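Trainee: Starting from these lines, generate the structure:
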Amino acid sequence: MKRSALLICTLSIIFASGFAAGDYANPPMWEQSMNFSHQSWDFMEPEYTAPEGPALPLNPDGVPEPINEFGDAALIETSFDVPPEYQHLIAMGLVGWMPEVEYLVTPRKGYYGGMGHTHLKFHVPAAAAQIGCDNLVWVQMTYFGRMDGAEPFALAAAHDETMADSAGIETVSVNTEVLDETAGSIGRWYRTTGIFRYSDKNNGLYLKLSVFRYPPDAEHTMGGSAMVDQVDIDTKTVSDYDFNGDDIVDLADFAILSSQWLSSTAIQ
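Mentor: Residues are numbered from 1 along each chain as shown. Sure, this is the predicted structure:
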């Protein structure tokens, strides 16, 4: 009973620090770019049940509505690292998918995570490889993770589902914003945004998003939680032939190329 009370107290502190949903924040504004796609997951629909949550693969269930002419993006795998002594929490519905918890104060609904490190793997179809073109992938994750100085998250990208082949994938940028602080040291809300650049090999990219919780210790017996509340992913194609920098290749670029060619011919 004491352990259950302690767990409820711990989760109460965590959930009380939440803020309003709708976390597709500062998107890259790629809508007019070549081969643009968008997909969002907020992990909350009325038919989802805990702790299993929705059936996988899970197509985008958030807003804005998905746009991807190259196929259906999906959450394809979830996994949770739970210490052996806390495996019973899985059966209690405290690891896995969580809906709104009525006795906790938070405006957020629908999470993957709980009392264990949380890992989500996505596949996002994209344009096939073209000469002189690369794909950019913008990924944003809103989550609750540890705040003790250790990294609360990890982002990985690969060409294959095993995450073994990352050849040619460049991490352009990764930025993390603290959204709201929580009393104590068990965790806080974050938003992490990353951009990857790659030449397509297999009609898309695999992304693994990980969130790490504060580990159990003498002060915080059961440790903290790791929870993913929302994921948003945008993609576009960039081309060496986009001479005017408007993110599309059209007659304007052909005119620039022609002008450059004529200039070089005149010089000769």
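Trainee: what about the stretch 101-250 of the chain, any weak spots by pLDDT?
Mentor: 101-107, 181-185, 201-202, 217-221, 240-250 (pLDDT under 70).
Trainee: measure the residue lying closest to R146 once chain neighbours are set aside to M115 for me?
Mentor: Leaving aside its sequence neighbours, R146 sits nearest to Y214 (C-beta to C-beta, 6 or more residues apart in numbering; 4.3 Å). From N, CA and C alone the C-beta is placed, and that goes for glycine too. The gap separating Y214 from M115 is 10 Å, by C-beta to C-beta, to the nearest Å.
Trainee: Repeat that for A129.
Mentor: Taken as C-beta to C-beta, the span from A129 to M115 is 42 Å.
Trainee: partners of the host helix or strand of Q140 in the sheet?
Mentor: Following DSSP states H and E, one finds Q140 within strand 133-145. Applying DSSP bridges, strand 133-145 is found paired with strand 188-198 (antiparallel), strand 226-239 (antiparallel).
Trainee: Tell me the helix or strand right after the shortest one.
Mentor: Spelled out, that is strand 188-198. strand 205-211.
Trainee: what packs against that following strand?
Mentor: strand 117-124, strand 133-145, strand 153-158, strand 188-198, strand 226-239 (3 or more C-beta pairs under 8 Å, 6 or more residues apart in numbering; DSSP states H and E).
Trainee: what separates that strand from the chain centre, distance-wise?
Mentor: 7 Å (C-alpha atoms, centre = their mean, to the nearest Å).
Trainee: One more: stretch 83-90?
Mentor: For stretch 83-90, the distance to the chain centre is 26 Å (C-alpha atoms, centre = their mean).
Trainee: Need the contact partners of it.
Mentor: 7, 51, 80, 82, 95-96, 114-116, 216, 222 (C-beta atoms under 8 Å, 6 or more residues apart in numbering).
Trainee: ok, back up a step: joint contacts of Y214 and M115?
Mentor: By C-beta under 8 Å, 6+ apart, the residues touching both Y214 and M115 are G223.
Trainee: re the thing from before, out of the strands paired with strand 133-145, flag the one nearest F70.
Mentor: Each of the strands paired with strand 133-145 has some distance to F70 by C-beta to C-beta; the shortest is strand 226-239, at 8.7 Å.
Trainee: so the closest one versus strand 117-124, what angle?
Mentor: Compare the direction of strand 226-239 with that of strand 117-124 by axes from the mean of the first three to the mean of the last three C-alpha atoms, to 10 degrees and you get 30 degrees.
Trainee: how about the CA coordinates for strand 226-239, as CSV?
Mentor: The C-alpha coordinates for strand 226-239 follow below in CSV (Å, rounded to 0.1, in the frame of the first residue of the first chain):
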residue,chain,number,x,y,z
ALA,A,226,9.5,8.7,-19.2
MET,A,227,6.5,9.7,-21.3
VAL,A,228,6.1,10.7,-25.0
ASP,A,229,3.0,12.9,-25.5
GLN,A,230,3.3,13.9,-29.2
VAL,A,231,5.5,13.4,-32.3
ASP,A,232,5.4,15.5,-35.4
ILE,A,233,7.4,14.7,-38.6
ASP,A,234,7.7,16.8,-41.8
THR,A,235,9.8,16.0,-44.9
LYS,A,236,10.8,17.7,-48.1
THR,A,237,13.2,17.2,-51.0
VAL,A,238,16.0,19.7,-51.6
SER,A,239,17.8,19.9,-55.0
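Trainee: Next, the angle strand 205-211 makes with that strand.
Mentor: Using the same axes, to 10 degrees: strand 226-239 against strand 205-211 is 150 degrees.
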